[in-house]
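Student: Return atomic coordinates for the entry below.
(chains A and B)
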Amino acid sequence: MTALDHSAETARRPREARRPARPGGAGRRAERRRAAVGFSMALPPVLVISLFVGLPVVLAVAFSLGVTGGLNRTAAVIGQDVHSTDGLLTTAAYEQLFADPRFPRDLAATVLVTVVTTLVVLGLAIGIAVLLRLRGGWAATLLSGLAVVPLFIPVVIASWAILTFYSADGFLRSLFAQVGLQAPVLGFTVTGVIIASVWVNLPFALLMAASGMQAIPDALIDAARDAGAGTLRIVTRVLVPLAGIPLVIAGTFTAIGVLGQFTVPYFTGPNAPQQLGVDISKYFQSFNQPQQAAAIAVVVFVIASGVAATYVWANFRSAKQEGRV
Amino acid sequence: MTSVRHAVPDPADRSKGTPTVATKRLSAGLVGVAALALATACGPVASGGSSADTGGSDDGAGGSRLTVFISGDTNLQDLWEQGLIPAYEEANPGVQVDVVLDLHGEHDQQTVAKLVTSTEAGDDPGFDLVDAGFVVASAAEAGVLHEVGPDVVSGLADVHDTILTAGKGVGIPYRASSVLLAYDSTVVAEPPQTLDDLLTWIEENPGQFAYNSPATGGSGGAFVTTVLDSYLSPEDQEALRTRYAEDVQEGWQPGFERLAELGPSMYQGGVYPNGNSQVLELLGSGSIAMAPVWSDQFITAVENGLISEDVHYTQITDPSFTGNASYLGIPRTSDNTEGAIDLANFVLSPEGQTIIAEQIAGYPVIPLEMLPEGIAETFADADPTALRPSYFSENTDDMNNMWDQLVP
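Tutor: This next block holds a predicted model:
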């Protein structure tokens, strides 16, 4: 958010400065200098990002499509099952992936975990934020405080803790066993992955939802109440729509984060079906198939850009509402 | 996300015309600084706090400098920094040995790429001796290491041929470990003696056995390899160990079917933990009663108290679990090849081998008669020359892939 705002600021200032420009040569020179300074200030991050992120991304996409020369040569020499293109491009690596029943299975599991996690996270975040906004009190404060705790615990520690909590000899089952009940084993299951993903992603979504709802003026809620709206109607017709943009942002960030996550499924997940984030690492390191790993990454990237489009749309809409565009 | 937001330049910027020379120079400088900062921040760190590129060349003041590159865990760092190097420096006054550590080998791919580029350019890669898993895998494949043999590194004359051959002519085997069968003696009175006995035991005691997925660690890999081998002729096994034998890989089918059959009898009806240490953890907490484990990791875990002393180990026969040697490599374009060879010879000497045996319970690679009595006794049952080696690295990669496809 902030990064976008800043770059928008820097880009806009020179443009506004041009408006009162005098026709004189000195004015034009000054304007050009300011433009050049603005450009050079925006240049380093752009160049660094395009060099260290953009270029590798382009190389990886090309590699997955069979361009094995140039900077991809080393990876192609070392890797196994590398498909080189005869013509311009080849989709052999993708065909190999989709022909293997493992990949569609893992893809489906990844999408399932992503969708369920995002919905649960949004549901919990909205619930706590509504409680905080309408009711307040110590219970809501405690709940929102607790929900932010995962932010301060490293994911790898959290994953391990969740695994031991839900494992066959974990706390949950020990507790149930005290009263003679059998709790299910959730360690190394897809359900376990979803629980852990929700835990990891809840704080950010809650912060977004809570701040979005706090910004809604009391007058709107009171007006709705005066008109006879019940709490449910206030939530669905006033609070959620007005906090829509922060919620979309929270949802997209959660979805993209869960889509590509590695640590949580690596620790808490089953061996099959496995999440794509872990698959990429397995194909790259353990199976020594860098091209197939790149192809999986491209598939993840394509799904993530679909989600990112929603984010861009939400950002654009919020900018439009505030009159910035 | 950041990339998307930053990488799209505002159209307004592009229409501003050409930037002045001064801005060009300014931005070029900024990019240079940023690139340098990134490059230094990401690379492996030398132990002295200096960058990983500390030269391995002679410093001209009579003594020489050597740099050892380690890709591995902290136990390897301790082995070199507190065991081998002090002893070597004491025996060779004037020689200074530095260590560059890449913890858990996280940058292996980059390191190999760096080796390839410096070999092509004929430059010193920044280290003279490499202790890493990629020595006999990708680095050997890419041809960036010196050919070594008993004629180059005299210490290799004492090393058994089998493990020397597995070094592909460029790896110097310097320690070994094997996979053992660990069992909780309070649950299992009589551990299985052969592979058949073990598989029967697993099926009779569902949920009591676990091995990690072969892609994530060698102990599970050894179990898988051993089951696969039990369906193969000795010639086929030999082929899989000595070359990339795709034609022989078809013979794995019955072995994988057997492993898939065992699935429901595994821990939690088919959970294969990630990594050797997760299996040790399960064994330590009593969740399982039996598992394949690495000799050195297991001995260390018992010493640390992670695993109870009631957990014992044995080796099965017919066939036994595999083990393998770890290898050192000398970069082709290293500035101090002589020094690296001398250090390798020291590591292979009885003195060096004793340090390895004492410090990380690594199996010696030279005949036990050459070692002090106590050490020879400890490793009497773990004769490294009798180690059943694991597959050629490309075959292992394919095995990991097929296991992932067919078993869980």
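
Student: Could you list the low-confidence segments of chain A?
Tutor: Chain A contains residues with pLDDT under 70 at A:1-24, A:325.

Student: Quickly list the domain ranges of it.
Tutor: Taking automatic domain parsing as the criterion, chain A consists of the domains A:1-60, A:65-92, A:100-321.

Student: With distance to B:G143 as added columns, please give the ones you listed in TSV.
Tutor: Backbone N, C-alpha and C define where each C-beta goes, glycine included. Putting the domains of chain A into TSV (distance: least, Cβ to Cβ, whole Å) gives the following:
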stretch	distance to B:G143
domain A:1-60	23
domain A:65-92	10
domain A:100-321	17
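
Student: thinking B:A113 is in contact with A:T74, fair?
Tutor: Yes: contact status for B:A113 versus A:T74: in contact at 5.1 Å, counting by Cβ atoms under 8 Å.

Student: coming back round to it: how about JSON lines for the domains of chain A, with mean neighbour count added?
Tutor: Listed next are the domains of chain A as JSON lines, based on neighbours: other Cβ atoms under 10 Å in any protein chain shown:
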{"stretch": "domain A:1-60", "mean neighbour count": "15"}
{"stretch": "domain A:65-92", "mean neighbour count": "16"}
{"stretch": "domain A:100-321", "mean neighbour count": "18"}
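
Student: would you list those in TSV and tack on distance to chain B?
Tutor: Below are the domains of chain A laid out as TSV (distance: least, Cβ to the nearest Cβ, whole Å):
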stretch	distance to chain B
domain A:1-60	4
domain A:65-92	4
domain A:100-321	3
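
Student: List just the one of those domains that sits closest to B:Q405.
Tutor: Closest to B:Q405 of the domains of chain A is domain A:100-321 (Cβ to Cβ; 5.5 Å).

Student: got a list of what B:A245 touches?
Tutor: B:D236, B:A239, B:F392, B:N395 (Cβ atoms under 8 Å, 6 or more residues apart in numbering or on different chains).

Student: The last one - how many residues pack around it?
Tutor: By other Cβ atoms under 10 Å in any protein chain shown, the residues close to B:N395 number 22.

Student: can you tell me how far the closest residue to it other than its chain neighbours sits from chain A?
Tutor: Closest residue to B:N395 apart from its sequence neighbours, by Cβ to Cβ, 6 or more residues apart in numbering or on different chains: B:L240 at 4.9 Å. Applying Cβ to the nearest Cβ, to the nearest Å, the value for B:L240 to chain A is 15 Å.

Student: Doesn't B:L240 belong to a helix?
Tutor: Yes: secondary structure of B:L240 (DSSP: H, G, I helix; E, B strand; the rest coil): part of a helix.

Student: Does it touch B:T396 like I think?
Tutor: No: applying Cβ under 8 Å as the test, B:L240 and B:T396 come out as separate, 9.1 Å apart.

Student: which residues touch the residue of the stretch 51-200 of chain B found nearest chain A?
Tutor: The nearest approach of the stretch 51-200 of chain B to chain A comes at B:S138, 4.5 Å away (Cβ to the nearest Cβ). B:S138 makes contacts with A:I78, A:N288, B:D108, B:V112, as judged by Cβ under 8 Å, 6+ apart.

Student: Do you have the strands of the stretch 51-200 of chain B handy? List them.
Tutor: Counting by DSSP state E, counting those that start in this stretch, the stretch 51-200 of chain B has strands at residues B:64-72, B:95-103, B:129-131, B:172-184.

Student: Make TSV from those strands and add mean neighbour count and distance to B:I163 to it.
Tutor: Listed next are these as TSV, based on neighbours: other Cβ atoms under 10 Å in any protein chain shown; distance: least, Cβ to Cβ, whole Å:
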stretch	mean neighbour count	distance to B:I163
strand B:64-72	23	18
strand B:95-103	19	24
strand B:129-131	27	16
strand B:172-184	26	5
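
Student: who wins for proximity to A:V307 among those?
Tutor: Judged by Cβ to Cβ, the one of the strands of the stretch 51-200 of chain B that comes nearest to A:V307 is strand B:95-103, at 33.6 Å.

Student: Outside of stretch B:367-379 itself, list whatever touches it.
Tutor: Contacts for stretch B:367-379 (Cβ under 8 Å, 6+ apart): B:D158, B:P350, B:Q353, B:T354, B:A357, B:E358, B:Y363, B:P364, B:A380, B:D383, B:T385.

Student: that older thread, can you list which of the contacts of B:S138 are found in helices?
Tutor: In helices, judged by DSSP state H, the following of these are found: A:I78, B:D108, B:V112.

Student: Quick one: distance of stretch A:169-189 to the chain centre.
Tutor: Distance of stretch A:169-189 from the chain centroid (Cα atoms, centre = their mean, to the nearest Å) equals 32 Å.

Student: What lies in contact with that stretch?
Tutor: Stretch A:169-189 is contacted from outside by A:163-168, A:192, A:195, A:268-271, B:268, B:271, B:273, B:285-287, using Cβ under 8 Å, 6+ apart.

Student: Just these: which are in strands?
Tutor: In strands, defined here by DSSP state E, there are no members of the contacts of stretch A:169-189.

Student: Provide a list of residues in contact with A:V155.
Tutor: Counting by Cβ under 8 Å, 6+ apart, A:V155 makes contact with A:V200, A:T263, A:V264.

Student: I figured A:R102 hits B:D404, correct?
Tutor: Yes: here A:R102 reaches B:D404: they are 6.9 Å apart, a contact under Cβ under 8 Å.

Student: residues bridging contact with the two, i.e. touching both?
Tutor: A:A272.

Student: I'd like to know which of the contacts of stretch B:367-379 are buried.
Tutor: Buried members of the contacts of stretch B:367-379, scored by 16 or more other Cβ atoms under 10 Å in any protein chain shown, are B:D158, B:P350, B:Q353, B:T354, B:A357, B:Y363, B:P364.

Student: Make TSV from those residues and add pLDDT to it.
Tutor: Shown next, in TSV, are the buried ones among the contacts of stretch B:367-379 (pLDDT from 0 to 100):
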residue	pLDDT
B:D158	86
B:P350	92
B:Q353	92
B:T354	91
B:A357	86
B:Y363	84
B:P364	86
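
Student: Which single one of the contacts of B:S138 is nearest to B:N304?
Tutor: Once Cβ to Cβ is applied, the member of the contacts of B:S138 that ends up nearest B:N304 is B:D108, at 26.7 Å.

Student: quick one: that closest one from A:D169, how far?
Tutor: 35 Å (Cβ to Cβ, to the nearest Å).

Student: same check, this time on B:T67
Tutor: Separation of B:T67 from A:D169 (Cβ to Cβ): 46 Å.

Student: same deal with B:P254?
Tutor: 35 Å.

Student: now do A:F188
Tutor: Using Cβ to Cβ, which is the criterion applied here, A:F188 is 13 Å from A:D169.

Student: And for B:A325?
Tutor: From B:A325 to A:D169 the distance is 36 Å (Cβ to Cβ).

Student: And for B:D128?
Tutor: Remark: distance between B:D128 and A:D169 (Cβ to Cβ) = 48 Å.

Student: beta partners of B:H312?
Tutor: Per DSSP bridges, the residues bridged to B:H312 are B:Y183.

Student: dump the residue contacts of it.
Tutor: Counting by Cβ under 8 Å, 6+ apart, B:H312 touches B:A182, B:Y183, B:S185, B:P191.

Student: what's next to whichever strand or helix holds A:L220, contact-wise?
Tutor: Assigned by DSSP states H and E, A:L220 falls within helix A:218-226. Residues outside helix A:218-226 that contact it (Cβ under 8 Å, 6+ apart) are A:L134, A:R233, A:I234, A:R237, A:V238, A:L239, A:L242.
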